[in-house]
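Undergrad: how does the following fold in three dimensions:
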Amino acid sequence: MSNNHEVLVDVQGVDRVFRRGSEEIHVLQKLDLQVRQGEFLALMGPSGSGKSTLLNLIGGLDRPSNGSVAIGGERIDGLNDRQLAAWRARHIGLVFQFYNLLPVLNAQRNVELPLLLTSLSATQRREHAAAALDIVGLKDRNTSFPTQLSGGEQQRVGIARAIVTDPTILLCDEPTGDLDQKSGDEILSLLQALNREQGKTIIMVTHDPHASHRASRTVYLNKGRLLAENPE
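TA: Modelled structure (predicted):
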């Protein structure tokens with residue numbers, strides 16, 4: 001997965017159908033998407049266009065109704081629940097709009113959470129978490145609890161938690177959606193740095209054109225279909 005020109009994410013002919021009683025809701029329709037190693041991709045589109053559903057399929061949080069999803073050449077759409085959980089722990093870092101930090105844990109312990117699924121010792125977990133907090137500029141806030149941190153700082157902790165396992169892909173669902181513009185710009189600059197300086201492959205769902213301009217490529221979804229260019 002080290003070749004910067006190879007396709008890392010390969011989504012082919014994907015449908016995602018949800019059922020509500022007797023009604024079928026086609027959220028994604030015959031969708032194809034390729035993302036290359038080291039790319040920073042923005043997914044844009046109106047609410048209900050299927051952006052978060054597509055992100056969930058790439059992250060192994062959901063399965064397609066039809067079609068295939070391959071990451072690094074490995075088909076994940078046929079894995080069982082246990083295999084998917086193990087695969088996600090190795091390969092996926094998730095960044096959420098509302099941070100999803102545990103209020104009873106300080107920053108260090110929140111960042112350590114994904115490492116509890118690994119064979120690392122407690123000392124190693126602390127070291128990895130401290131390094132991740134350093135990368136996001138919060139080395140000195142490791143003992144602070146979420147209520148003691150600003151929204152931007154909480155999102156930095158969320159990003160540190162997402163990168164602490166050195167995942168193959170960072171999936172960001174509206175990472176600046178709950179932040180003011182200054183804090184949002186700082187988070188976008190951090191994501192750009194992770195992409196450019198550490199080679200992280202990032203896929204970001206956003207409604208904000210200002211945020212999408214920070215990505216290296218933007219694709220647009222509308223009614224479950226991928227559009228080549230901005231529909232506007």
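Undergrad: could you use CA atoms for every contact and neighbour count after this?
TA: Fine.
Undergrad: I'd like to know which elements the strand or helix carrying V111 is packed against.
TA: V111 is part of helix 107-112 when elements are defined by DSSP states H and E. On a contact count with 3 or more CA pairs under 8 Å, 6 or more residues apart in numbering; DSSP states H and E, helix 107-112 meets helix 122-135, helix 151-163.
Undergrad: wait, which of those is closest to K30?
TA: helix 151-163 (29.9 Å; CA to CA).
Undergrad: by how many degrees do whichever helix or strand comes after that closest one and helix 151-163 diverge?
TA: Per DSSP H and E, the first helix or strand lying C-terminal to helix 151-163 is strand 169-173. Here the directions of strand 169-173 and helix 151-163 differ by 150 degrees (axes from the mean of the first three to the mean of the last three CA atoms, to 10 degrees).
Undergrad: how about low-confidence regions in the chain?
TA: 1-5, 228-232 (pLDDT under 70).
Undergrad: all helices for it, in order.
TA: Assigned by DSSP state H, the chain shows helices spanning 51-58, 81-91, 107-112, 122-135, 151-163, 181-198, 209-212.
Undergrad: alpha carbons of the first one, as CSV, please.
TA: Backbone C-alpha positions of helix 51-58 (Å, rounded to 0.1, in the frame of the first residue of the first chain) are rendered in CSV as follows:
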residue,chain,number,x,y,z
LYS,A,51,-22.4,10.6,1.4
SER,A,52,-22.4,9.1,4.9
THR,A,53,-23.7,5.8,3.6
LEU,A,54,-20.8,5.6,1.1
LEU,A,55,-18.3,6.5,3.9
ASN,A,56,-19.8,3.7,6.1
LEU,A,57,-19.3,1.2,3.3
ILE,A,58,-15.7,2.2,2.8
